[in-house]
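Q: Sequence isn't available, so here's the structure alone:
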């Protein structure tokens, strides 16, 4: 009986220990965010890599998602003679949920893996040890610029993705579903509230923080050799994706549950 209970408790304790390590890492990152020195060049490079280079992928994902959403809503709404709600649902769905979640997952796939692989390789080749030798804090130099850049850049990507996704829904609605363009745009404008957009941007900031934190954490703690770097990269993407979905549920419950 004791062995059975131990076999059940061992993985639970391992998960709790891992969660604690990640939490402490995130708290250390937040502490370093507000204390000098600040590496502005590294921050600028991180903004370029995380924000600008992720824009085409996020834009294409949002465009096709908005178009597919319009088709699905029209098809489902036709069963209840509610085809006219397509503009409203596309706009609200993209702004509240699909824009931030899909944008966060796309950035996680691209950025978390890249950060984990880069920092993991630096650890394997002892570049992180060299930073310590040069009296440079690796957290300040490697983690803080990337986390700050992702936290600021992902909401911008979400805003762009929302606009392109709504435009994709409009294009499908006008060209394939016979909506009047002016009416479609008017319904989108009248039913989309400021908090619908604002909540998505807040989610984007949280998701960006999660993505960069997971990439840096697993990169800093990667094993030795190519196999260790590969395992760290995979763990960073999986962890970031799961945490984004979990955080999305929690934020949605806070924002939209009275």
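A: Received it, and whenever you're ready, just let me know what you need. It should be emphasised that the depicted structure is a prediction, and the values quoted were computed from it without experimental measurement.

Q: nearest residue to the residue nearest in space to the middle of the chain other than its sequence neighbours?
A: Geometric centre of the chain, nearest residue: residue 104, 2.4 Å, by Cα atoms, centre = their mean. Leaving out its chain neighbours, the residue that sits closest to residue 104 by Cβ to Cβ, 6 or more residues apart in numbering is residue 207, at 3.3 Å. To be clear about C-beta, it is placed using only N, CA and C from the backbone, and glycine gets the same treatment.

Q: For residue 224, see how far away that neighbour is.
A: The gap separating residue 207 from residue 224 is 31 Å, by Cβ to Cβ, to the nearest Å.

Q: Please say which of the two ends up with more neighbours.
A: residue 207 (30 against 10; other Cβ atoms under 10 Å).

Q: Surely the more buried one touches residue 103?
A: Yes. With contact defined as Cβ atoms under 8 Å, residue 207 reaches residue 103; the gap is 7.5 Å.

Q: distance of residue 18 from residue 221?
A: On the measure of Cβ to Cβ, residue 18 and residue 221 end up 10 Å apart.

Q: Who has more neighbours out of those two?
A: Neighbour tally, residue 18 and residue 221, criterion other Cβ under 10 Å: the higher count belongs to residue 221, 17 against 13.

Q: In the protein, where is pLDDT below threshold?
A: Filtered on pLDDT under 70, the chain yields the residue ranges 1, 4-8, 258.

Q: need the helices for it, in chain order.
A: Counting by DSSP state H, the chain has helices at residues 2-33, 40-47, 55-77, 86-93, 99-107, 113-124, 127-133, 138, 144-175, 181-191, 194-220, 225-256.
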